[in-house]
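J.: Sequence and predicted structure, then a few things I'm wondering about:
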Amino acid sequence: KAGVTQTPRYLIKTRGQQVTLSCSPISGHRSVSWYQQTPGQGLQFLFEYFSETQRNKGNFPGRFSGRQFSNSRSEMNVSTLELGDSALYLCASSPVDRPNTEAFFGQGTRLTVV
Amino acid sequence: AQSVTQLGSHVSVSEGALVLLRCNYSSSVPPYLFWYVQYPNQGLQLLLKYTSAATLVKGINGFEAEFKKSETSFHLTKPSAHMSDAAEYFCAVSLSGGGADGLTFGKGTHLIIQP
C-alpha cells in the first residue's frame, strides 16, 4: 500500500505570493491533517479534514486554509506569503473508522519564502 | 488543553549504551501518547503508541516506552544504541487515537550516537 504522498517536495516562493500544497492520503484513509514544522516553533497543528469538512483547526492566521476532495486528497493554501512561513509542511492521514490508530506522515513539502 | 515537555534538546550516547529520552505530558483526560522519529529531510515515522492497553509499550527498532500516570511520563528507552538511531525524536499527545483533534508535539530531542 502506498504511503502518504506530498507534492511538491520543495518549493521556493516570493514574499507576497500564494502557494498550494497537495497531499494524497493512504488509500482508505479519510482523515487528513496538516502540520507546520519550523526550527523555532517545532511541530504545530494546522487543521484536520474528514469527509471534505474541516473538523479541527490550530492557532494559525486566516492566510492558511485548506480543503479536502471527495477522494480524500487534500490541499492547503497559504496566501500573502511571509518570510516566517518558510517551513516544512507535513501531511498525515489516518483511518478514523478504526479505534486506537495513529497518523501516518508524508515526507513533507519544504517551502522557502524569499 | 494538553502539552508535552521533552527534557533535553540534545542527548548524546555511545554506541551500545542505553538510550533514554524523557517525555512528560499534561492532559485533562487520559491521553493517547506517541513517539515519532524523524530522519533528516524526512517525515515522521511512528515508533510506538500508548492507548491504555498496557503501560509498557514495545515499538519498532528495539524501542520501548513506559506510561507512568503518577509521574505523567512516557519516557522512551532502548537497551543498546546503534549508529542508525541517530535522528530527531518527538513525543506527542492526542485526545483521540487518530489525532483528529491534532497531535500536540514536544520540541523534540536530537539523539547523537558516538562511535
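T.: Nice, thanks for sending it over. Numbers count the residues shown, from 1 in each chain, chains lettered A, B, ... in the order given.

J.: Now do the same for the most centrally placed residue in chain A: helix, strand or coil?
T.: What sits nearest the mean C-alpha location of chain A, by CA atoms, centre = their mean, is A:Trp34, with 3.1 Å. Under DSSP: H, G, I helix; E, B strand; the rest coil, the three-state class of A:Trp34 is strand.

J.: Would you mind listing what in chain B touches chain A?
T.: B:32, B:34, B:36, B:41-46, B:49, B:51, B:53, B:90, B:92, B:97-108 (CB under 8 Å from any CB of the partner chain). Any C-beta I mention is one placed from the backbone N, CA and C, and that applies to glycine too.

J.: And those, which of them are buried?
T.: By neighbour count, with 16 or more other CB atoms under 10 Å in any protein chain shown, the residues of chain B next to chain A hold B:32, B:34, B:36, B:43-44, B:46, B:49, B:51, B:90, B:92, B:97-108 as buried.

J.: For chain A, name the helix or strand with the lowest mean pLDDT.
T.: strand A:53-57 (a mean of 90; mean pLDDT, DSSP states H and E).

J.: Outside of that strand itself, which residues are in contact with it?
T.: A:Phe45, A:Leu46, A:Phe47, A:Glu48, A:Tyr49, A:Gly66, A:Gln68, B:Ala100, B:Asp101, B:Gly102 (CB atoms under 8 Å, 6 or more residues apart in numbering or on different chains).

J.: what's the span of stretch B:89-109, first residue to last?
T.: Counting by CA to CA, to the nearest Å, you get 5 Å between the two ends of stretch B:89-109.

J.: Also stretch B:60-79?
T.: Start-to-end span of stretch B:60-79 (CA to CA) is 13 Å.

J.: Now render the contacts of strand A:53-57 as JSON lines, adding pLDDT and secondary structure.
T.: Converted to JSON lines, the contacts of strand A:53-57 look like this (pLDDT from 0 to 100; DSSP: H, G, I helix; E, B strand; the rest coil):
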{"residue": "A:Phe45", "pLDDT": "93", "secondary structure": "strand"}
{"residue": "A:Leu46", "pLDDT": "95", "secondary structure": "strand"}
{"residue": "A:Phe47", "pLDDT": "92", "secondary structure": "strand"}
{"residue": "A:Glu48", "pLDDT": "91", "secondary structure": "strand"}
{"residue": "A:Tyr49", "pLDDT": "92", "secondary structure": "strand"}
{"residue": "A:Gly66", "pLDDT": "97", "secondary structure": "strand"}
{"residue": "A:Gln68", "pLDDT": "97", "secondary structure": "strand"}
{"residue": "B:Ala100", "pLDDT": "62", "secondary structure": "coil"}
{"residue": "B:Asp101", "pLDDT": "70", "secondary structure": "coil"}
{"residue": "B:Gly102", "pLDDT": "81", "secondary structure": "coil"}
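
J.: May I see these organised as a markdown table, with distance to B:Val4 added?
T.: Formatted as a markdown table, the contacts of strand A:53-57 follow (distance: CB to CB, whole Å):
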| residue | distance to B:Val4 |
| --- | --- |
| A:Phe45 | 12 |
| A:Leu46 | 18 |
| A:Phe47 | 20 |
| A:Glu48 | 18 |
| A:Tyr49 | 24 |
| A:Gly66 | 24 |
| A:Gln68 | 27 |
| B:Ala100 | 18 |
| B:Asp101 | 14 |
| B:Gly102 | 12 |
